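Asks: next one to model:
(one chain, ligands or ions: 1)
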Amino acid sequence: MADDVDARAAQVSAFGHDLLAGLSKTPRSIAPKYFYDAAGSALFDRICALPEYYPTRTELGILERHGREMADQMGSRVDVVEFGAGSLAKIRLLLDAFSERDALGRYFPVDISAQHLEGAARRLRTDYAWLHVQPVVADYMRHEQLRVLEQMPGRKVGFFPGSTIGNFDADEAMMFLQLAARLLAGGGLLVGVDLVKDPLTLHRAYNDSQGVTAAFNLNVLRRANEELGADFDLKAFSHYAFYDPLERRIEMHLVSSRKQTVHLAGSAFRFEEGESLHTENSHKFTIDGFRALAASAGFKPGPVWTDEAKLFSVHWLES
Ligand code: AVI
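Replies: The predicted structure follows:
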């Protein structure tokens, strides 16, 4: 419990620090990891079920159809490290592809939220009694926090679904892949990657008709008001998401609808009408482009599975 309170306090102060820095520069920005408090995670779960948001159900379909082939690549008695423990629906599909005979060794979900991890681990232990579940509370972008995993003997494979890698900038993606290649040496990484496609499909996925993505985007301001005592007027900022085909990415912004001043921790930040706070990039990849990126980070790219329409891909990378 005390650990939980400490971890939460550390997150709140990191959020305050990063938001102050992000509001002070031009253009203004805040990292997308701050979307995910309890309310933001619940909104993200709703996004995953939206008719316009194809990535989740497409990736689930790929895992369902090709799980057995993926399990074959991973090998038997391996330990699985999942980077960021989401709803656990995806790891369940993978676990179902392993028979009792070649069952996994241990499963290490890594997440920054102890509370989220414990709940997820409990549910998984109930349904997969044969599985040894060992949650690791850590920021998987910080290699010193993964030391406990580094020291574990045995073959390790990583699981990083959802195309979360698309939310990293180029340096972060390279840093994560290099860190994973080192941690998983002798094993491999199974990673979900969203693909470049027609801009209209992408535009719709981030501009849903029910406004859930807009609420998810605005949640970061609500969170700043609640946790940091900021005074963002949520009605005076609007969700703006577009696909940039040159950068091959969706950009999400919160755009000020009028001239206004926002206060945070004793500082005042003036927004002009139309000025934005950049909240997220969601990069899309070609299959070859992603394989080249993985290779330059030290992986040997292996089989790739996609859906029929080639909306999404799952890559096995050997390390
Ligand atoms: C978590 N991540 C891969 C999602 C994405 O598609 O980039 C986050 C998201 N942002 C808006 N909708 C979904």
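Asks: excluding chain neighbours, give the residue nearest to whatever residue of the chain ends up closest to the ligand in space.
Replies: Going by CB to the nearest ligand atom, the ligand is nearest to Ser282 of the chain, at 3.3 Å. In this view, the C-beta of every residue, glycine as well, is placed from N, C-alpha and C. Nearest residue to Ser282 in three dimensions, chain neighbours excluded: Ile250, at 4.2 Å (CB to CB, 6 or more residues apart in numbering).
Asks: tell me what that neighbour is bridged to.
Replies: Tyr243, Ser282 (DSSP bridges).
Asks: ok, it touching Tyr240?
Replies: No - Ile250 lies out of contact with Tyr240 (CB atoms under 8 Å); the separation is 10.9 Å.
Asks: neighbour count for these two, which is higher?
Replies: Higher neighbour count among Ile250 and Tyr240: Ile250, with 23 against 18, using other CB atoms under 10 Å.
Asks: pull the contacting residues for the more buried one.
Replies: 202, 205-206, 241-244, 280-282, 284 (CB atoms under 8 Å, 6 or more residues apart in numbering).
Asks: what's the first-to-last distance across stretch 26-40?
Replies: 26 Å (CA to CA, to the nearest Å).
Asks: correction: stretch 241-258
Replies: For stretch 241-258, the first-to-last residue distance is 19 Å (CA to CA).
Asks: over it, what's the mean pLDDT, rounded is fine.
Replies: On average, the pLDDT along stretch 241-258 is 98.
Asks: if you count neighbours, what's buried in that stretch?
Replies: Neighbour-count burial for stretch 241-258 flags 241, 243, 248-254, 256 (criterion: 16 or more other CB atoms under 10 Å).
Asks: one more: stretch 157-176?
Replies: Buried-residue list, stretch 157-176, by 16+ other CB under 10 Å: 157-168, 173, 176.
Asks: restricted to helices, list the residues you listed.
Replies: 173, 176 (DSSP state H).
Asks: and the furthest pair within the buried residues of stretch 157-176?
Replies: Val157 and Asn167 (22.1 Å; CB to CB).
Asks: ok, the residue of the chain closest to the ligand to Pro55 distance?
Replies: Note on Ser282: its distance to Pro55, by CB to CB, to the nearest Å, is 9 Å.
Asks: Arg46: neighbouring residues, count only.
Replies: Arg46: 15 neighbours (other CB under 10 Å).
Asks: contacting residues around it?
Replies: Contacts of Arg46 (CB under 8 Å, 6+ apart): Val212.
Asks: any idea how far the helix or strand containing it is from the chain center?
Replies: Assessed by DSSP states H and E, Arg46 sits inside helix 38-48. In terms of CA atoms, centre = their mean, to the nearest Å, the centre of helix 38-48 is found 12 Å from the chain centre.
Asks: just checking, next helix/strand downstream of it?
Replies: Defined by DSSP H and E, the subsequent element after helix 38-48 is helix 54-74.
Asks: got a list of contacts for the strand or helix carrying Thr261?
Replies: According to DSSP H and E, Thr261 maps onto strand 260-264. With CB under 8 Å, 6+ apart as the test, strand 260-264 has contacts from 16, 19-20, 23, 224, 228-233, 236, 268-271.
Asks: center of this protein, which residue is that?
Replies: Taking CA atoms, centre = their mean, the centroid of the chain lies closest to Thr164, which sits 3.4 Å from it.
Asks: quick one: average pLDDT of the helix holding Arg46?
Replies: pLDDT averaged over helix 38-48 gives 93.
Asks: does any part of that helix sit near the ligand?
Replies: Yes - contact of helix 38-48 with the ligand (CB under 6 Å from any ligand atom) involves Ile47.
Asks: in that helix, what's buried?
Replies: For helix 38-48, by 16+ other CB under 10 Å, it's 40-41, 43-44, 47-48.
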